[in-house]
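Asker: sequence first, then the predicted structure, then my questions.
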Amino acid sequence: MTSGKIRQEGEPRIAVYPGSFDPATFGHLDIIRRAAKQFDKLIVAVLNNTSKNPLFTVEERVELLREVTKDLPNVEIDFFRDLLVRYMRSRGAQVSIRGIRSVTDFEYELQMASTNRQLDEGIETIFMMTNPKYSYLSSSMVKEIAKFNAPVQDLVPPAVESALRRKFGTSQG
Ligand code: ADP
């Protein structure tokens, strides 16, 4: 589709961390903190994916991510519904960040990264290994636990815990 260098010498290094973030977990937050250290700017981009059936609206997911990353000055929260590579070009980003928890993640991520490379050779995907503490953690598991009114405070930040409680109408996380 497109190719060619996206970043000129001296321009800021901008990365995009795309995902559903339905909702953000400590696993996501760990990747965000680590990735933010490696780039001038990190854009966490919520995918507005109509084919999934999300618990939180895009606006709610963006709001929660803003709340839990407010201490990170070079992190911006946004959303997109276009092809990732096109969105990245529109934001002047050169690198896409993805987190890897397992071999299963890797196989899927490799396929996605290869597809994105096919679409735009100027864009790199960088994989970051999960912090082993969070290697089992996924948004779907968190939702499942919260639905049954079991505690999730070790899995998600307090703002997300409260939002889950409100969603499921439960009295404690
Ligand atoms: P998607 O629907 O795009 O997979 P997710 O919100 O589930 O969206 O995940 C976004 C990214 O974060 C993916 O690269 C995923 O592998 C990564 N990720 C999710 N949970 C964790 C975790 N516990 N540790 C590290 N990376 C994670």
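Answerer: Alright, I've got the coordinates. Because the structure is a prediction, the values reported are computed rather than measured.

Asker: what segments of this protein are helices?
Answerer: Under the criterion DSSP state H, helices of the chain are mapped to 26-38, 58-68, 84-91, 103-119, 139-147, 158-168.

Asker: spatially central residue for this protein, please.
Answerer: Nearest to the geometric centre of the chain sits Gly19, at 4.0 Å (Cα atoms, centre = their mean).

Asker: do I have it right that that one meets Val46?
Answerer: Yes. Under the criterion of Cβ atoms under 8 Å, Gly19 makes contact with Val46 at 7.2 Å. From N, CA and C alone the C-beta is placed, and that goes for glycine too.

Asker: up against the ligand, what does the protein have?
Answerer: Within the chain, the positions adjacent to the ligand are 19-21, 25, 27-28, 31, 98-99, 101, 105, 130, 134, 137-139 by Cβ under 6 Å from any ligand atom.

Asker: let's see it at 5 Å
Answerer: Among all residues of the chain, those adjacent to the ligand (criterion: Cβ under 5 Å from any ligand atom) are 19-21, 27, 98-99, 105, 130, 134, 137.

Asker: which of those has the most neighbours?
Answerer: The most crowded member of the residues of the chain next to the ligand is Phe21, carrying 25 neighbours; neighbours defined as other Cβ atoms under 10 Å.

Asker: ok, it - contacts?
Answerer: In this structure, Phe21 makes contact with 28, 44, 46, 61, 64-65, 139, judged by Cβ atoms under 8 Å, 6 or more residues apart in numbering.

Asker: and the residues you listed, which are buried?
Answerer: Those of the contacts of Phe21 that meet the buried threshold are 28, 44, 46, 61, 64-65, 139, by 16 or more other Cβ atoms under 10 Å.

Asker: show me which pair in those is furthest apart.
Answerer: The widest separation within the buried ones among the contacts of Phe21, taken as Cβ to Cβ, falls between Val44 and Ser139 and amounts to 13.9 Å.
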